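Colleague: pasting the sequence and the predicted model now:
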Amino acid sequence: MKYLPINRELFIKNRRNFMAQMKPNGVAVFNSNDIYPVSADSTLPFAQHRDIFYLSGVDQEESILLLFPNAPYEHLKEILFLRETNEHIAVWEGEKLTKERAFEVSGIKSVYWLQDFHKVLKEVMMYADTMYINTNEHYRSSVETETREDRFIKWWKENYPAHKVEKSNPILQRLRSVKDQIEIDLMQTACNITEKGIRRILKFVKPGVTEYEIEAEFAHEFLRNRSKGFAYTPIIASGNNANVLHYIENNQVCNAGDLLLLDVGAEYANYSSDLSRTIPVSGRFTDRQRAVYNAVLNVKNEATKMLVPGALWKQYHVEVGKIMTSELLGLGLIDKADVQNENPDWPAYKKYFMHGTSHHLGLDTHDYGLLHEPMQANMVFTVEPGIYIPAEGFGIRLEDDVVIQPNGEPFNLMKNIPIEADEIESLMNS
């Protein structure tokens with residue numbers, strides 16, 4: 001891995017917290033992701049399943065974690081199963097975790113090779129009443145591929161039909177949404193790497209450069225700072241491309257006078273950052289561009305203040321909508337009649353700001369979190385309002401990542417990244 005070693009106390013604590021919420025005589029199993037084929041002998045780069053990483057720190061394919069807190073024997077309470085390594089694998093694929101190294105990473109003493117999994121599981125199931133299966137229940141999930149986790153669940157149900165079934169996901173949704181300080185520090189590192197990227201870009205962008213050249217500059221800066229690269233597919237959208245919310249082609253020329261919307265973030269140690277900035281290709285905002293820019297910035301600043309313990313997700317977005325409505329009235333994009341006659345299910349402001357303002361951030365860019373429950377300290381959210389005006393040829397989105405505090409306003413992990421229009425212009429013209 002490119003990232004520096006993570007304190008294993010994080011994973012020990014995560015397992016302890018998870019097992020404390022399991023029912024008596026329950027067993028939980030977590031699988032690594034598959035390595036997905038492309039064609040012939042080509043594969044996509046491996047990306048670890050975030051749940052097994054969260055609970056063990058193991059960042060390797062073909063790994064399994066088993067948790068059985070009520071096991072009658074100590075060696076069965078926490079078990080890692082790893083692909084057995086050898087000299088041949090080391091030559092062709094590089095080093096894999098040894099049993100000793102796996103303990104150093106995870107704090108788990110019982111480490112077996114993968115070929116022993118079914119034998120050990122059979123013994124464990126003799127003592128257990130319940131199996132916790134790890135289904136994907138994220139509110140935005142849309143998965144058609146059968147995963148390694150899916151195959152295990154299907155196999156387990158066929159072979160152990162008499163056991164009760166519980167779900168791991170509701171426990172993980174709550175645990176993963178509230179971050180440990182070690183996690184916040186890792187996310188701060190991801191944000192710091194992103195800062196290096198945006199500062200590089202501010203010196204690089206000018207009329208005539210292409211969106212893909214800008215993407216390449218980000219990739220260079222991210223990789224040279226121990227990141228695997230982008231936390232998500234980057235959006236480098238010049239001119240009217242910014243009005244396509246998920247524009248990822250990044251293949252157009254940046255023209256003089258246009259705005260450039262950047263929605264990019266570095267990952268670090270599997271943790272995401274998520275940044276949006278909008279900058280003038282020529283180094284100066286027009287008066288109209290600056291007015292819209294400052295309106296978006298004001299919405300972002302006011303929305304951020306609302307992210308406090310006890311805040312409710314739906315009400316938060318209603319209140320942000322009121323602020324955006326006021327700004328759009330000031331810009332002349334809507335009028336009082338539009339507001340008076342608006343559809344409550346699709347308010348007038350949605351014509352120019354059609355997406356949500358915030359989402360959980362962590363091991364996933366759209367991280368775990370139960371949206372019907374009140375916000376808590378140490379949850380990490382994005383704040384990302386935007387105004388999109390196809391008729392005027394530009395769209396503006398601004399986004400920071402913030403940590404909810406026990407008291408007062410959130411802590412901005414991106415507080416050092418330029419965002420004021422004057423600072424953006426100054427850096428681009430220095």
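Modeller: Alright, I've got the coordinates.

Colleague: hey, where'd the helices end up in the stretch 51-200 of the chain?
Modeller: Taking DSSP state H, counting those that start in this stretch as the criterion, the stretch 51-200 of the chain carries its helices at 87-93, 99-106, 117-127, 148-159, 169-177, 181-204.

Colleague: which SSE is V27 in?
Modeller: Assigned by DSSP states H and E, V27 belongs to strand 26-31.

Colleague: I'd like the distance from that strand to the chain centre, please.
Modeller: Distance, stretch centre to chain centre, for strand 26-31: 24 Å (C-alpha atoms, centre = their mean, to the nearest Å).

Colleague: pairing partners for it, with directions?
Modeller: As defined by DSSP bridges, the strand partners of strand 26-31 come to strand 64-67 (antiparallel), strand 130-133 (parallel).

Colleague: so for E217, which of the helices of the stretch 51-200 of the chain sits nearest?
Modeller: Nearest to E217, of all the helices of the stretch 51-200 of the chain, is helix 181-204, at 5.4 Å by C-beta to C-beta. Where C-beta positions appear, they are placed from N, C-alpha and C, glycine not excepted.

Colleague: right, and the helix or strand after the closest one?
Modeller: Next along the chain after helix 181-204, taking DSSP H and E as the criterion, comes helix 211-223.

Colleague: number of nearby residues for the residue lying closest to S227 once chain neighbours are set aside?
Modeller: Nearest non-adjacent residue to S227, counting by C-beta to C-beta, 6 or more residues apart in numbering: A266, 4.4 Å away. Neighbourhood size, A266 [other C-beta atoms under 10 Å]: 30.

Colleague: could you give me the buried positions within stretch 199-212?
Modeller: Counting neighbours by 16 or more other C-beta atoms under 10 Å, one finds that the buried residues in stretch 199-212 are R200, I201, L202, V205, V209, E211.

Colleague: just the pLDDT at the residue positioned nearest the centre of the chain, thanks.
Modeller: Nearest residue to the geometric centre of the chain (C-alpha atoms, centre = their mean): T365, 1.6 Å. pLDDT recorded at T365 is 97.

Colleague: what stretches of the chain score poorly on pLDDT?
Modeller: Counting by pLDDT under 70, the chain contains low-confidence ranges at 90-91.

Colleague: which residues touch the residue lying farthest from the centre of it?
Modeller: For the chain, the largest distance from the centre (C-alpha atoms, centre = their mean) belongs to A337, which lies 39.3 Å off. Residues counted as contacts of A337 (C-beta atoms under 8 Å, 6 or more residues apart in numbering): none.

Colleague: dump the residue contacts of the residue nearest to K77 when sequence neighbours are not counted.
Modeller: Excluding the flanking residues, the one nearest K77 by C-beta to C-beta, 6+ apart is A71, at 4.7 Å. By C-beta under 8 Å, 6+ apart, the contact list for A71 reads K77, V124, Y127.

Colleague: next: H220.
Modeller: Residues in contact with H220, defined by C-beta under 8 Å, 6+ apart, are R200.

Colleague: re the thing from before, and of the helices of the stretch 51-200 of the chain, who's closest to Q48?
Modeller: helix 148-159 (11.3 Å).

Colleague: next, the angle from that closest one to strand 26-31.
Modeller: Per axes from the mean of the first three to the mean of the last three C-alpha atoms, to 10 degrees, the angle that helix 148-159 makes with strand 26-31 is 140 degrees.

Colleague: would you mark the buried spots in helix 148-159?
Modeller: R148, E149, D150, F152, I153, W156.

Colleague: same check on stretch 413-428?
Modeller: Applying 16+ other C-beta under 10 Å to stretch 413-428 flags L413, M414, I417, P418, I419, A421, I424, E425, L427, M428 as buried.

Colleague: wait, doesn't E9 sit right on E183?
Modeller: No - applying C-beta atoms under 8 Å as the test, E9 and E183 come out as separate, 11.8 Å apart.

Colleague: please say which of those two ends up with more neighbours.
Modeller: In this view E9 and E183 are compared by other C-beta under 10 Å, and E183 has more residues nearby, 21 against 11.

Colleague: in contact with the more buried one, which residues?
Modeller: E183 touches L10, Y271, G362, counting by C-beta under 8 Å, 6+ apart.

Colleague: and the gap between the last one and S282?
Modeller: When C-beta to C-beta, to the nearest Å is applied, the distance between G362 and S282 equals 37 Å.

Colleague: out of these two, name the residue with the larger neighbour count.
Modeller: A side-by-side neighbour count of G362 and S282, using other C-beta under 10 Å, places G362 first with 25 against 19.

Colleague: helix/strand/coil for that one?
Modeller: coil (DSSP: H, G, I helix; E, B strand; the rest coil).

Colleague: re earlier: any idea which element the residue farthest from the centre of the chain lies in?
Modeller: helix 336-340.

Colleague: got the buried residues for the helix or strand following that helix?
Modeller: Using DSSP H and E, the helix or strand that follows helix 336-340 towards the C-terminus is strand 380-383. Neighbour counts over strand 380-383 (16+ other C-beta under 10 Å) mark V380, F381, T382, V383 as buried.

Colleague: using JSON lines, lay out those residues together with distance to V292.
Modeller: Formatted as JSON lines, these follow (distance: C-beta to C-beta, whole Å):
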{"residue": "V380", "distance to V292": "28"}
{"residue": "F381", "distance to V292": "24"}
{"residue": "T382", "distance to V292": "20"}
{"residue": "V383", "distance to V292": "18"}
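
Colleague: most widely separated two among the residues you listed?
Modeller: Between any two of the buried residues of strand 380-383 (C-beta to C-beta), the greatest distance is 10.8 Å, for V380 and V383.

Colleague: name the residues contacting each of those two.
Modeller: V402.

Colleague: name the nearest residue to H246, sequence neighbours excluded.
Modeller: For H246, the closest residue by C-beta to C-beta, 6+ apart turns out to be I235, at 7.0 Å.

Colleague: I'd say that neighbour and N243 touch.
Modeller: No - taking contacts as C-beta under 8 Å, I235 lies outside contact range of N243: 11.6 Å.

Colleague: which one of those two has more residues nearby?
Modeller: A direct count of neighbours by other C-beta under 10 Å for I235 and N243 places I235 higher, at 22 against 19.

Colleague: phi, psi of that one?
Modeller: phi -110, psi 110 (degrees, to the nearest 10).

Colleague: distance between stretch 346-363 and the chain's centre?
Modeller: That offset, for stretch 346-363, works out to 16 Å (C-alpha atoms, centre = their mean).

Colleague: ok, stretch 197-215 next?
Modeller: With C-alpha atoms, centre = their mean, you get 24 Å for stretch 197-215.

Colleague: what's that stretch in contact with?
Modeller: 217-218, 220-222, 234, 236-238, 241, 249-256, 260, 262, 264, 266, 275, 277, 279, 281-283, 417-418, 424, 427-428.
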